[in-house]
Structures are given as structure tokens and as C-alpha cells.
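Engineer: Predicted coordinates and the sequence they were generated for:
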Amino acid sequence: MKIVFKIIGIFIILSIIIFLIYKEKFTAQLKPYNKQKVKIDGIIVSTSSNEYKSANINLYLELSDEKSALVVEEDRKRVTAMISEALADSKDIKSQAGKEEMKLKIKKVLNSYYGKDIVKDVYFTYFIVYD
């Protein structure tokens, strides 16, 4: 019986040592991916382009900190409307240069609205253009 307790004790001690060594890897899996990003889906943009009539866009906003992410999350409807309005006069929506210009417009409009640079970057995750 003493041998069984010794084996169990050794197993527990080894488990604790392994956990302490690999603690960061274990706890990293429990943390959310990134609390500084907010996903905005279903933005419909009616463009001023003669060639294309509208676009359906999903995107991520990378924000400066978690507090800014919470503010934008609470203001989701207004943010979505502001993004749609900002992109409504976009003409070149198919080229990479046009998309980069759209990202800059989004950053400018939102940072202006919030009065500080909270939007660090914009990532399009879905971008469909309709004729």
C-alpha cells in the first residue's frame, strides 16, 4: 500500500512540475484570441461607380485597446452606418488600391467620430461586388 501512495505522490509532483514548466502554453489556450478586434458583418455599400452598383462587406476593426473595443461593440449599429456612409462615394472598389483607400476612409471617419485614434487597422474578411 505504501508503494501505491508513493507512486501517486510522484505522479502528482511530476504533474505540478510539468504544469509549471508549460504554464504559459496551457493558459494561452484559455485566453480569447484578441480582445482588441471587433468584427462587423453585413455592411452593404451602394457605390457611386457606374460599373458596380453595390458591395457586401465583412471586416474586422483592430482597435488600440480593449476599452475602445468595448465602446465600438456597444456602438455597433452606429459604427456600421458610419462605415456604409463613408464608403458610399467610393468609385474604385475592385482594385487593391481602391480597397486600401476604403480602409483609410473607415479609419478616418471612426477616429474622427471618437475624437482619438482608436482604430489602428481595418481588415476585410469578405468582399463581394455586385453589378
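Structural biologist: Sure thing, it's come through. Computed from a predicted model, the values in this text were never measured in an experiment.

Engineer: What's the per-residue pLDDT of the residue positioned nearest the centre of the chain here?
Structural biologist: By CA atoms, centre = their mean, the chain has its centre lying nearest to residue 37, at 3.1 Å. If you check residue 37, the pLDDT there is 90.

Engineer: Helices along this structure, start to end?
Structural biologist: Counting by DSSP state H, the chain has these helices, from start to end: 2-21, 23-28, 66-74, 76-87, 96-114.

Engineer: is the residue nearest to the centre of the chain in a bridge, and if so with what?
Structural biologist: residue 62 (DSSP bridges).

Engineer: wait, it sits on residue 66?
Structural biologist: No. Residue 37 is beyond contact range of residue 66, at 10.3 Å (criterion: CB atoms under 8 Å). No exception for glycine: its C-beta is placed from N, CA and C like everyone else's.

Engineer: And the lowest mean pLDDT element among the helices and strands of this structure?
Structural biologist: One helix or strand of the chain scores below all others by mean pLDDT, DSSP states H and E: helix 23-28, with a mean of 60.

Engineer: Understood, closing this out.
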